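Peer 1: Any chance you can model this:
(one chain, ligands or ions: 2)
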Amino acid sequence: MEAIRYSSLIKTQSYINGCWHASQQRFPVNNPANQQCLLEVDDCGLQGVELAIQAAKAAQKAWAAKSANERGNLLRKWYQLVMQHQDDLASILTQEQGKPLAEAKGEIAYGAAFLDWFAEEGKRCYGDVIPAPADDKRIVVLKQAVGVVAAVTPWNFPNAMIARKAAAALAAGCTFVVRPAQLTPISALALAQLAEEAGIPPGVFNVVVGEDARGMGKLLTESPDVAKFTFTGSTAVGKQLIAQCASTVKKVSMELGGNAPFIVFDDADIDAAVQGAIASKYRNAGQTCVCANRFLVQKGVYQQFSEKLAEALAKLKVGDGMQSNVDIGPMISEQAKEAVHELVVDSQKAGAKVIYGGQAHQAGKQFYQPTIMTQVSNDMPIAKNEIFGPVAPIIMFDTEEQAIALANDTEYGLAAYFYTRDIGRVWRVGEALEYGMVGINEGIISNAAAPFGGVKQSGNGREGSHYGLDDYTEIKYLCMGGVNS
Ligand SMILES: NC(=O)C1=CN([C@@H]2O[C@H](COP(=O)(O)OP(=O)(O)OC[C@H]3O[C@@H](n4cnc5c(N)ncnc54)[C@H](O)[C@@H]3O)[C@@H](O)[C@H]2O)C=CC1
Ligand SMILES: O=C(O)[C@H](O)CS(=O)(=O)O
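Peer 2: Numbering: from 1, shown residues only. Ligands and ions are numbered 1, 2, ... in the order given. Reported below is the predicted structural model:
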């Protein structure tokens, strides 16, 4: 790997019970920009996963017995180390995942923000004292750590998706086992290195890396020693994992797929809408679950918005994320690139027009041209499916009611966006959209202070904000009798 100053961040073995776990089985991690092998990583296999679960179980009671301040101090130290090594962590992330360096630095700061947020939030894990129905009783409600937490995370935000979960879990007094995507394990192992340096005790934070996603996931979802399972990834895989958790009735939280509408009304600030569209659609080459997936543009501004979006897109540079001034990097795999192109071609066959891009990009095997399509209808493949690529389909609508109906016509419900300057419309549309998160005159809405999560088949639970602890605590009700005797 290039351009890493602090070489201790480069780890190639799972981190289990405070030790780096060697194994004979290894697998390559490749750079999506040029398909070159960055390094090989030891595959800890199912045995490693079981060792990690047992380590987390053995460590959990002592970790929960620490005060919220003690846990918070360790999370704050972890935060400080992550920010101290932000540039190196970003360089690692770009080389294994592909996003431009500036975006990778942003992801490191975004993930670290959850460590910082929950270092404090754990101190506010309040219970209740409830007036009892009888004078000789007292009712107290405690919030306690769920126990051992298992997580499976995706390749598109290989640092932040782990930090967003682990920060809340550890703050609540839980211990944590994460299995990151096999495509991007190095960022996860670098986080473990810094957790160790921060003084987080052995067994509290464990990272198990391996190629057998299905087998490792089965162990994590079916183990009776795991109390809670959290997943970020596709809805299809999420459904499988929820079913696997049923065997032990685990507490489950899911951050799944999306199909975000980006609505532009006649009265919108069009330049602001174009700026928000570029930020929301083309971040991470469109490989984020909260990307604008369908542009719904009112008839009166359809031509103007489409033309301005194309002008803005022409200024973006496609290339290796490690090069300066690159705005759009490669897709995570050649298969992913082909899948995006198939959606474009199938929708062209159904009548959609490509007004910008629409082909593989000459920068390399995994690059796709940033693309805009017009004359799209909501039933076309490019609108029905989560694109997970740099393609903006634009659908025309006439009335506000039509826009809401089109926006809600999907099984997903993660993020939605709309641009208007009418205060009445802000409330009407904001309340009518069936989504967990709504950006109003804003294309980037993710931050540690806000509850991130979806409804419908985009998942359940919330990450970040003071709501984020709820997924990692259980409510216990104490009823004290005989107070007057
Ligand atoms: N709601 C959210 O916050 C996010 C949602 N996603 C969604 O994830 C998808 C893209 O990410 P991918 O990594 O391709 O999703 P994916 O669902 O294929 O994989 C996610 C993780 O699950 C693992 N996995 C795959 N099949 C599994 C199985 N049968 N058992 C256990 N683990 C398994 C993968 O190795 C990876 O670590 C998109 O649909 C995107 O919308 C991605 C990131 C964030
Ligand atoms: O994986 C994702 O798509 C992230 O959750 C998006 S964000 O939180 O970075 O906006």
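Peer 1: surely Pro28 meets Gln36?
Peer 2: No - counting by C-beta atoms under 8 Å, Pro28 stays clear of Gln36, with 9.6 Å between them. All C-beta spots, glycine's among them, are computed from the backbone N, C-alpha and C.
Peer 1: contacting residues for Gln275?
Peer 2: Applying C-beta atoms under 8 Å, 6 or more residues apart in numbering, we find Gln275 in contact with Ala312, Gly443.
Peer 1: which parts of the chain sit against ligand 1?
Peer 2: Selection of the chain residues close to ligand 1 by C-beta under 6 Å from any ligand atom yields 152-156, 181-182, 213-214, 217, 232-234, 237, 240-241, 255-258, 289, 386, 388, 414, 459.
Peer 1: Buried by neighbour count, from those: which ones?
Peer 2: By neighbour count, with 16 or more other C-beta atoms under 10 Å, the residues of the chain next to ligand 1 hold 152-156, 181-182, 217, 232-233, 237, 241, 255-258, 289, 386, 388, 414, 459 as buried.
Peer 1: From the centroid of this protein, which residue is nearest?
Peer 2: Taking C-alpha atoms, centre = their mean, the centroid of the chain lies closest to Met161, which sits 4.6 Å from it.
Peer 1: which residue packs closest to it, ignoring adjacent ones?
Peer 2: Thr153 (4.3 Å; C-beta to C-beta, 6 or more residues apart in numbering).
Peer 1: And Ile242, by the same measure?
Peer 2: Distances taken as C-beta to C-beta, 6+ apart place Val252 nearest to Ile242, at 5.8 Å, with adjacent residues excluded.
Peer 1: Looks like that neighbour contacts Cys245 (just checking).
Peer 2: Yes - with contact defined as C-beta under 8 Å, Val252 reaches Cys245; the gap is 5.1 Å.
Peer 1: can you list residues touching both of these two?
Peer 2: Joint contacts of Val252 and Cys245 (C-beta under 8 Å, 6+ apart) are Phe229.
Peer 1: So which of the residues of the chain next to ligand 1 are in helices?
Peer 2: Ala213, Arg214, Gly217, Val237, Gln240, Leu241 (DSSP state H).
Peer 1: which of these lies closest to Phe305?
Peer 2: Nearest to Phe305 out of these is Val237 (C-beta to C-beta; 34.8 Å).
Peer 1: Against Tyr467, how distant is the closest one?
Peer 2: Separation of Val237 from Tyr467 (C-beta to C-beta, to the nearest Å) stands at 24 Å.
Peer 1: can you check Leu115 too?
Peer 2: Here Leu115 is placed at a distance of 17 Å from Tyr467 (C-beta to C-beta).
Peer 1: How about Ala195?
Peer 2: Distance from Ala195 to Tyr467, by C-beta to C-beta: 24 Å.
Peer 1: Compare these two and say which is more crowded by neighbours.
Peer 2: Taking other C-beta atoms under 10 Å, Ala195 and Tyr467 do not tie; Ala195 has more neighbours (27 against 16).
Peer 1: OK, contacts around the more buried one?
Peer 2: Counting by C-beta under 8 Å, 6+ apart, Ala195 has contacts Tyr15, Trp78, Val204, Phe205.
Peer 1: Spell out the secondary structure type for the second one.
Peer 2: With DSSP: H, G, I helix; E, B strand; the rest coil as the basis, the three-state label of Trp78 is helix.
Peer 1: Wait, it touches Ala192, no?
Peer 2: No - between Trp78 and Ala192 there is no contact under C-beta under 8 Å: 10.4 Å.
Peer 1: Just the buried residues of stretch 189-197, please?
Peer 2: Here stretch 189-197 shows Leu189, Ala190, Leu191, Ala192, Gln193, Leu194, Ala195, Glu196 as buried, counting by 16+ other C-beta under 10 Å.
Peer 1: Give the helix, strand or coil label for the third one.
Peer 2: Leu191 carries the three-state label helix when classified by three-state DSSP.
Peer 1: Look up the closest residue to it, ignoring the ones flanking it.
Peer 2: Ile162 (5.9 Å).
Peer 1: ok, now the first one?
Peer 2: Excluding its sequence neighbours, the residue lying closest to Leu189 (C-beta to C-beta, 6+ apart) is Lys11, at 3.8 Å.
Peer 1: Thr221 now?
Peer 2: Excluding the flanking residues, the one nearest Thr221 by C-beta to C-beta, 6+ apart is Gln244, at 3.7 Å.
Peer 1: which stretch of helix or strand covers that neighbour?
Peer 2: helix 235-245 (DSSP states H and E).
Peer 1: Can you list the helices and strands that that helix packs against?
Peer 2: Here helix 235-245 touches helix 213-222, strand 228-232, strand 251-255, going by 3 or more C-beta pairs under 8 Å, 6 or more residues apart in numbering; DSSP states H and E.
Peer 1: That helix vs strand 251-255, what angle?
Peer 2: If you take axes from the mean of the first three to the mean of the last three C-alpha atoms, to 10 degrees, helix 235-245 sits at 180 degrees to strand 251-255.
Peer 1: so the residue nearest to Met161 sits right up against Pro185, yeah?
Peer 2: No - using C-beta under 8 Å, Thr153 makes no contact with Pro185, being 10.3 Å away.
Peer 1: re the thing from before, mean confidence for the helix or strand harbouring the residue nearest to the centre of the chain?
Peer 2: With secondary structure defined by DSSP H and E, Met161 is part of helix 160-172. If you average the pLDDT over helix 160-172, you get 98.
Peer 1: Thanks a lot, catch you later.
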